[in-house]
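Trainee: this one's structure only:
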């Protein structure tokens, strides 16, 4: 029981530290980038006024103007009138950026302008990316029992053959994730974002939760949105829980592939064995039953190689 | 020996299929997106001419023009004169895009314009992302012996204490990866890309190999670059091998953390045990020596839960 309490305490500590880390990142990014953005915004505004004051617009001056407009735009500073009202580097937006860095989604609709910002991004992600992976892993580890092992057990007790039970459970889990983390959010996004269709919503959810993050659709970037900061925070929570569920799906699939002999067939690593009985031995010696005969010999002749497993832990 | 041959044959088959999959993606993206891009390009060119033909430019007409220019730009179509010479969706660029999708880097400097393109991106990544993970895992699996187990063994035979050997080996591996996959490429990129500094190069390498992919720096997007297609292909190879090395680092770190009791301390999953001896038993029963006493009881009382491991494989 002490161990259960410690386990949950650790998880809460991880999540609290994760939020503190995001807030810290937001503060630093905001401090570094806001003045640079303000300067660029003023420059581009002055440029626009100069351009408008010209008596005659020719191809060359337009070209020159557009080069500068597009460069500023690449750095998240828009020349448009209504875009100049809000910053990409206020606290909520900076936190959103920090979140896309550490989750490796990286939309890139905003990116650091200054060298200091770039260097800090590297340092921040260097710690943040592994730490986020650790927090996600810890969360998924605790979700495996209620969402994977228990339902599979229930299916088995209802008389299903074990392998079929894992397949049925995986399919049900996929349907649940698709409904809760793709279809429902896509419907909400297409309602909240003026220019998004339902397909755009699905496309955004998919591109985000695969951590591809193209950044052609990013919610909460319109200037006239109500409760924009709250909206950005909600999207951050969505991204985190969504990534957690994607990772849970991946681990469930990996375990299922192990059970069906797929990983052994492709000579890939098995899912880690974290659920062994108290004396540290697997309940069933899976290798005897699962490994095809010619895989009993190790693929890369590791018998001749010293391995981490052969190290006598001092 | 048969098993070794099968292992390498599988790896070659994976890589060949990976290249075919990228080529297939490139062909489809190019076919879907090129006409849409061409249409948008013509529209924006006509708009520019109209704008230039105006007798007098006022704030309202400039604003209207800029909205359209920035929208087109978001979709990768630039209004600038020299940018209209080449397409974002020729075969090499489409393959580059397909590669950034399946590796989840997702720069987003180009993104599909049409609904068909978006739908295809989802389908393509749905198969491509897990498949790429599989190919990367398979490659890393085969690199573990020459790059991890053998050097650690050599260090041990030279008289080092096992745990210190793994730490020293990990640090050496980090230095090697930083030199070969960050410093050297950054120097090359800053030489090849006119506007990049060395810091920009390091920033690009880091943001790419963490799969964040902000897309504020993407090599091979300048129009006047010589051998641009070959350059894009080289960057693709760099991304793939770089990701492989990052994954190798991660696995080595995970194994080292296991050995030092860190994963057990944080109650996280251990690195998968893929290196066991012929009768399927670990050479050293690590659990007896590594697991802290209060962790011998499982954290979430799984004894009461049916688990994948307790399933009798039929």
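Mentor: Perfect, I can see it now. Small disclaimer: the values here were computed from a predicted structure and weren't measured.
Trainee: beyond the helix or strand where residue A:141 lies, next helix or strand please.
Mentor: Following DSSP states H and E, one finds residue A:141 within helix A:115-144. Following helix A:115-144 in sequence order, the next helix or strand is helix A:150-157 (DSSP H and E).
Trainee: would that next one count as contacting chain B?
Mentor: Yes. Residues of helix A:150-157 contacting chain B under CB under 8 Å from any CB of the partner chain: A:150, A:152, A:153, A:156, A:157. C-betas here are computed from N, CA, C, even on glycine.
Trainee: how near is residue A:156 to residue A:166?
Mentor: 9 Å (CB to CB, to the nearest Å).
Trainee: which of those two has more neighbours?
Mentor: Just comparing residue A:156 and residue A:166: by other CB atoms under 10 Å in any protein chain shown the higher neighbour count belongs to residue A:166, 26 against 19.
Trainee: list the residues that contact the residue lying closest to residue A:78 once chain neighbours are set aside.
Mentor: Nearest non-adjacent residue to residue A:78, counting by CB to CB, 6 or more residues apart in numbering or on different chains: residue B:70, 6.7 Å away. Residue B:70 is in contact with A:69, A:73, A:78, A:79, A:80, counting by CB atoms under 8 Å, 6 or more residues apart in numbering or on different chains.
Trainee: cool, and residue A:155?
Mentor: Residue A:155 touches A:165, A:168, A:169, counting by CB under 8 Å, 6+ apart.
Trainee: not counting sequence-adjacent ones, nearest residue to the second one?
Mentor: If I follow you right, that is residue A:168. residue A:155 (6.2 Å).
Trainee: roughly how far apart are that neighbour and residue A:177?
Mentor: From residue A:155 to residue A:177 the distance is 18 Å (CB to CB).
Trainee: is the longest helix seen in chain A in proximity to chain B?
Mentor: Identified as the longest helix of chain A according to DSSP state H is helix A:2-53. Yes. Contact of helix A:2-53 with chain B (CB under 8 Å from any CB) involves A:2, A:3, A:4, A:6, A:7, A:10, A:48, A:51, A:52.
Trainee: TSV for these, including neighbour count, pLDDT and distance to residue A:146?
Mentor: Below are these laid out as TSV (neighbours: other CB atoms under 10 Å in any protein chain shown; pLDDT from 0 to 100; distance: CB to CB, whole Å):
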residue	neighbour count	pLDDT	distance to residue A:146
A:2	8	72	21
A:3	16	77	17
A:4	13	80	13
A:6	14	85	19
A:7	18	83	14
A:10	17	89	18
A:48	21	86	56
A:51	19	84	61
A:52	14	82	62
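Trainee: ok, of those residues, which one's closest to chain B?
Mentor: Closest to chain B out of those is residue A:7 (3.9 Å), distances taken as CB to the nearest CB.
Trainee: hmm, that closest one is touching residue B:266, no?
Mentor: No. Here residue A:7 lies out of contact with residue B:266, judged by CB atoms under 8 Å, at a distance of 9.6 Å.
Trainee: picking that back up, any idea which helix or strand comes after the longest helix of chain A?
Mentor: Following helix A:2-53 in sequence, per DSSP H and E, is helix A:59-74.
Trainee: what packs against the next helix-or-strand element following that following helix?
Mentor: Remark: after helix A:59-74, the chain's next helix or strand is helix A:91-102, criterion DSSP H and E. Where contact means 3 or more CB pairs under 8 Å, 6 or more residues apart in numbering or on different chains; DSSP states H and E, helix A:91-102 is packed against helix A:2-53, helix A:115-144, helix A:228-259.
Trainee: which parts of the shortest one are buried?
Mentor: When burial is assessed from 16 or more other CB atoms under 10 Å in any protein chain shown, helix A:115-144 yields the following buried residues: A:117-118, A:120-122, A:124-125, A:128-129, A:132-133, A:135-142, A:144.
Trainee: what's the offset of that helix from the middle of its chain?
Mentor: 10 Å (CA atoms, centre = their mean, to the nearest Å).
Trainee: rounded mean pLDDT for that helix, please.
Mentor: The pLDDT scores in helix A:115-144 average 95.
Trainee: what about that helix, near chain B?
Mentor: Yes. Interface with chain B: helix A:115-144 contributes A:115, A:118-119, A:121-122, A:125-126, A:129, A:134, A:137-138, A:141-142 (CB under 8 Å from any CB).
Trainee: tell me how far the residue at minimal distance from the centre of chain A lies from residue B:263.
Mentor: With the centre of chain A defined as its mean C-alpha position, the nearest residue by CA atoms, centre = their mean is residue A:103, 3.9 Å away. Relative to residue B:263, residue A:103 is positioned 22 Å away (CB to CB).
Trainee: over to residue A:87?
Mentor: 41 Å.
Trainee: likewise for residue A:207?
Mentor: As judged by CB to CB, residue A:207 and residue B:263 stand 32 Å apart.
Trainee: okay, the two: which has more neighbours?
Mentor: residue A:207 (26 against 22).
Trainee: the more buried one against residue A:200, yeah?
Mentor: No. The pair residue A:207 / residue A:200 is not scored as a contact, 10.3 Å apart, by CB under 8 Å.
Trainee: who's in contact with residue A:87?
Mentor: Neighbour list for residue A:87: A:34, A:37, A:38, A:93 [criterion: CB under 8 Å, 6+ apart].
Trainee: most neighbours, which of the residues you listed?
Mentor: residue A:93 leads the contacts of residue A:87 on contacts (other CB under 10 Å) with 25 neighbours.
Trainee: what residues are up against that residue?
Mentor: Contacts of residue A:93 by CB under 8 Å, 6+ apart are A:87, A:110, A:232.
Trainee: how about residue A:222?
Mentor: A:193, A:194, A:228.
Trainee: and chain B, which of those residues contact it?
Mentor: Within these, nothing lies near chain B by CB under 8 Å from any CB.
Trainee: residue A:10 against residue B:267, yeah?
Mentor: Yes. The criterion here is CB under 8 Å, and residue A:10 meets it with residue B:267 at 6.3 Å.
Trainee: between these two, what contacts are shared?
Mentor: With CB under 8 Å, 6+ apart, residue A:10 and residue B:267 have common neighbours residue A:138.
Trainee: could you list the low-pLDDT ranges of chain A?
Mentor: Across chain A, the ranges flagged by pLDDT under 70 are A:1, A:55, A:82-85, A:272-314.
Trainee: at 50 instead, please
Mentor: Within chain A, the ranges that satisfy pLDDT under 50 run A:273-307, A:309-314.
Trainee: how is it divided into domains?
Mentor: Domain assignment for chain A by the TED database gives A:1-79, A:87-266.
Trainee: adding distance to residue A:214, write the contacts of residue A:93 out as TSV.
Mentor: Formatted as TSV, the contacts of residue A:93 follow (distance: CB to CB, whole Å):
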residue	distance to residue A:214
A:87	23
A:110	14
A:232	18
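Trainee: from these, which is closest to chain B?
Mentor: Among the contacts of residue A:93, and counting by CB to the nearest CB, the member closest to chain B is residue A:110, at 8.7 Å.
Trainee: any idea how many residues pack against the closest one?
Mentor: Residue A:110: 25 neighbours (other CB under 10 Å).
Trainee: try residue A:146
Mentor: 11.
Trainee: for the one 5 residues further on, same thing?
Mentor: Per other CB under 10 Å, the neighbour tally for residue A:151 reads 18.
Trainee: correct me if wrong: it contacts residue A:170.
Mentor: No. Here residue A:151 does not reach residue A:170: they are 10.1 Å apart, not a contact under CB under 8 Å.
Trainee: find the nearest non-adjacent residue to residue A:29, please.
Mentor: In space, residue A:29 is closest to residue A:94, 4.2 Å off (CB to CB, 6+ apart).
Trainee: sweet, I'm off.
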